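Participant: dropping the sequence and predicted coords here.
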Amino acid sequence: MSAHPPHPYPDNQRPSPELLDLLPTTPSAVPLAVRVRQLRLSPDLEKKIVRQDGRLIGGNCSEKTAALTAEDEKELATEVLRLRHLFTEALLGVPRFRQAALTVLQNIYLFQNRKIFFGTTTASTESQRQEALLLFSTSPQQTTLPLSKTFQHLIIARVWRRIIGQATESELRDPRFIALHKVVEELNTLRNVYMILTTGLVKKLATRTNSLYKESVSYDDAVQIGGIGVARAAYRYHQSSGVRFSTFAAHWVSREIQRQALAGRLIRISTGTVEGYARATRMEDPANLRKFTAIIENATTVDDTRIGEYATLSLSELVSPPASPLGVLEAGQLRDILLAAITRVLSKKSGDIVRRRFGLPPYQGKEQSILTISQAYRVTRSSIYQLEQSALKKLQRHLRRELL
């Protein structure tokens, strides 16, 4: 790592709240294989990681995908916990790090049974918070902590976000910040290891989950989105949970695909509602017309009662028009409105991302995945995803005003 890392967050590239827990760092110029060796994992696990990474880079899908064994999971989870503990201890020894932790602890919203510390405890979340506030509010006599006082990932992610968000250029050169940055880099290397060794699991879950949201995300995108779910699980997993990592991660993968699929829809109205509204209009059925109009109004959260079929079309339906002549004509008109909105409302980069994602001119019929677009722009997939989601929200608001 260089002695002077560039600022992880330029002012115009702050992360969305949904991605805060992915522990962003400055891009590393060190190859993954080298970073894995620096972790000092067992030789067999290290060889498995490097071999599987080589297969993925080479696009070799003919060989059997490597899988995590119970021993692998225990070793990786132990390393993640060790690094989380190092991070928590590092906060205790630096006044501005302690202040960042205090601010997060004072403002974080605790609900259900979310814990502050690692380890089994019968204390309530509020009791844990008060203990943590006391621990970090005074200058410590020593900078070591018991393992049970390791922060949960929820706290670590937000403290790290606050530290890098407020760091000055001189503070970024501070050896203590560089040491903390190195811990986060190693955590992210372990996160990437989990992602490499669970490609088979993610593809399986993507196939199952994507069948429910195939109109919103493609299978390739579902696989990429599922990888983010694995990343979220990797930071949090420990064998003390009593389940294998595949079981633990399945929830995070499925939830991530579902969340991003639903967030990607411009207006969330079911096909049945669209058909019911159109049928009630043709049959001049006032009862059903009122029924489906109410459903559409609630779904779009718009007070205007002039709801028409244009408002029920998703972006994917605009790109792939229905086969009937009338449908083709209407969809063509809507595409013209959409393209004009992209040009008028979005920045050049955001507009190009939306055009690429949905196969709009000049990329007619050639939808591109988030991975492909990130490679074209030479940025991370997370950056492209954030720009896409922001652009879709802007288009949603604009089209509601235009079409309703």
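Facilitator: Thanks, I have it. Numbers count the residues shown, from 1 in each chain.
Participant: ok, the nearest residue to G93 once chain neighbours are set aside to I178 distance?
Facilitator: Once flanking residues are discounted, G93 sits nearest to T143: 3.9 Å by Cβ to Cβ, 6 or more residues apart in numbering. For every residue, glycine as well, the C-beta is placed using N, CA and C. The spacing between T143 and I178, counted by Cβ to Cβ, to the nearest Å, is 17 Å.
Participant: so which of the two has more stuff around it?
Facilitator: Applying other Cβ atoms under 10 Å to T143 and I178 shows that I178 carries more neighbours, namely 15 against 11.
Participant: what helix or strand is that one located in?
Facilitator: Assessed by DSSP states H and E, I178 sits inside helix 175-196.
Participant: quick check: mean pLDDT of that helix?
Facilitator: Helix 175-196 shows a mean pLDDT of 93.
Participant: dump it to PDB, keeping only the CA atoms.
Facilitator: Output of helix 175-196 as PDB, limited to C-alpha atoms (Å, rounded to 0.1, in the frame of the first residue of the first chain):
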ATOM      1  CA  PRO A 175       0.500   6.200  10.000                       C
ATOM      2  CA  ARG A 176      -2.500   5.300  12.300                       C
ATOM      3  CA  PHE A 177      -5.000   5.900   9.500                       C
ATOM      4  CA  ILE A 178      -2.800   3.900   7.100                       C
ATOM      5  CA  ALA A 179      -2.700   1.000   9.600                       C
ATOM      6  CA  LEU A 180      -6.500   1.200   9.900                       C
ATOM      7  CA  HIS A 181      -6.900   1.400   6.100                       C
ATOM      8  CA  LYS A 182      -4.800  -1.800   5.800                       C
ATOM      9  CA  VAL A 183      -7.100  -3.600   8.200                       C
ATOM     10  CA  VAL A 184     -10.100  -2.700   6.100                       C
ATOM     11  CA  GLU A 185      -8.300  -3.800   3.000                       C
ATOM     12  CA  GLU A 186      -7.600  -7.200   4.500                       C
ATOM     13  CA  LEU A 187     -11.300  -7.500   5.500                       C
ATOM     14  CA  ASN A 188     -12.200  -6.700   1.900                       C
ATOM     15  CA  THR A 189      -9.800  -9.300   0.600                       C
ATOM     16  CA  LEU A 190     -11.500 -11.900   2.800                       C
ATOM     17  CA  ARG A 191     -14.800 -10.700   1.500                       C
ATOM     18  CA  ASN A 192     -13.600 -11.200  -2.000                       C
ATOM     19  CA  VAL A 193     -12.400 -14.700  -1.100                       C
ATOM     20  CA  TYR A 194     -15.900 -15.600   0.000                       C
ATOM     21  CA  MET A 195     -17.300 -14.200  -3.200                       C
ATOM     22  CA  ILE A 196     -14.800 -16.200  -5.300                       C
END
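Participant: and it, which residues are buried?
Facilitator: For helix 175-196, the buried set under the neighbour-count rule, 16 or more other Cβ atoms under 10 Å, comprises 177, 180-196.
Participant: what's near enough to touch the residue nearest to G93?
Facilitator: Counting by Cβ atoms under 8 Å, 6 or more residues apart in numbering, T143 makes contact with 89, 92-93.
Participant: angle of whichever helix or strand comes after the helix holding I178 against helix 175-196?
Facilitator: On the C-terminal side of helix 175-196, the closest following helix or strand by DSSP H and E is helix 199-210. Following axes from the mean of the first three to the mean of the last three Cα atoms, to 10 degrees, one obtains 70 degrees for the angle between helix 199-210 and helix 175-196.
Participant: mean confidence for stretch 383-390?
Facilitator: On average, stretch 383-390 scores 84.
Participant: what about that stretch, distance to the chain center?
Facilitator: 10 Å (Cα atoms, centre = their mean, to the nearest Å).
Participant: hey, C-alpha coordinates of that stretch in CSV?
Facilitator: Taking Å, rounded to 0.1, in the frame of the first residue of the first chain, the C-alpha atoms of stretch 383-390 are listed here in CSV:
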residue,chain,number,x,y,z
SER,A,383,-20.4,3.0,-8.7
ILE,A,384,-22.4,2.1,-11.8
TYR,A,385,-25.2,0.7,-9.7
GLN,A,386,-25.5,3.8,-7.6
LEU,A,387,-25.6,6.0,-10.7
GLU,A,388,-28.2,3.8,-12.3
GLN,A,389,-30.5,3.8,-9.3
SER,A,390,-30.2,7.6,-8.9
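Participant: enumerate the positions of it that are buried.
Facilitator: Neighbour counts over stretch 383-390 (16+ other Cβ under 10 Å) mark 383-389 as buried.
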